[in-house]
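**Student:** how does the following fold in three dimensions:
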Amino acid sequence: MKNKTLFILLLFFLYGCTHKEHYIGEQYLGTKYILDPLGEEKAPDKDPLIRYDAFDCMTFVETCLADGDIEKLNKIRYKDGNVNFINRNHFVETDWLNNNSDLLENVSHQYGKTERKKVAIDKKNWFKKKHNINTKFKTQYAILEYIPYAEFKPITTKEPLIVLFITGNLKYYAKMGSGLSVVHMGFLLPNGMLRHASKTDMCVTDVDFNEYIQKHKKHKKHIGFVLVKIK
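**Tutor:** Numbers count the residues shown, from 1 in each chain. Okay, here's the model as predicted:
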């Protein structure tokens, strides 16, 4: 009996030494990057509702949050799960965060000194100029609480967080009637890595989060990042 107990303890010890944590999205590492790979399977966006062979930064995060389930994914990508192009959560600032408030929570203030940025999204103008679609949307406003790069300090987290990288108003988007601020997203993992669908590497990859921040903040238009908890 004593020998059996020692054997079991040895197995637990060996398991603890060799076991590695598996974090969200690991199964998609190496998957290729394609901009805007998902749609409604009909005009104006005939791309599929779900796919696992290619992602951009947003669809990678969304698919991981949905555990690869199409019904869950539709609820994340569309207001009230109503699948159509107009109803899609096109803008992270006013659509995606608000319509997924039961799943997501901005916790930036728990990880550093924050500032606030007011964002105005003129969806009516954006739909008309970019897609020639007439809508009745009114200009929407959002307040983004974020950690400025100047206030950045190494972050330790016990659970994966979503990172939203934000920038100042870009002239191109301003012409389209949008104060777009969120330009990239991924997961900050407990092991200190940023897991994201990278346009630079053209695939889903892991990079050291601290190193990524140091490179990212050199660009004048990039102002900081938002940390979002998955409830």
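
**Student:** next one, pLDDT for Leu14 please.
**Tutor:** Looking at Leu14, its pLDDT stands at 41.

**Student:** just the helices in the chain please.
**Tutor:** 2-18, 57-65, 70-77, 97-99, 123-131, 171-175, 209-216 (DSSP state H).

**Student:** so what does the shortest one touch, helix or strand wise?
**Tutor:** This points to helix 97-99. Packing contacts for helix 97-99, counted by 3 or more Cβ pairs under 8 Å, 6 or more residues apart in numbering; DSSP states H and E, involve no helix or strand. Where C-beta positions appear, they are placed from N, C-alpha and C, glycine not excepted.

**Student:** what residues of it count as buried?
**Tutor:** Using 16 or more other Cβ atoms under 10 Å as the test for burial, helix 97-99 gives Leu97, Asn99.

**Student:** which residues sit against that helix?
**Tutor:** Helix 97-99 is contacted from outside by Lys79, Asp80, Asn89, Leu104, Asn106, Ala142, Val228, using Cβ atoms under 8 Å, 6 or more residues apart in numbering.

**Student:** go again using 10 Å as the cut-off
**Tutor:** 75-81, 87, 89, 91-92, 103-106, 140, 142, 144, 162, 164, 182, 226, 228 (Cβ atoms under 10 Å, 6 or more residues apart in numbering).

**Student:** show me which of the residues you listed are buried.
**Tutor:** 75-79, 87, 89, 91-92, 103-104, 106, 140, 142, 144, 162, 164, 182, 226, 228.

**Student:** quick check, central residue of the chain?
**Tutor:** The residue lying closest to the centre of the chain (Cα atoms, centre = their mean) is Met185, at 3.7 Å.

**Student:** beta partners of that one?
**Tutor:** For Met185, the beta-bridge assignment (DSSP bridges) gives partners Leu164.
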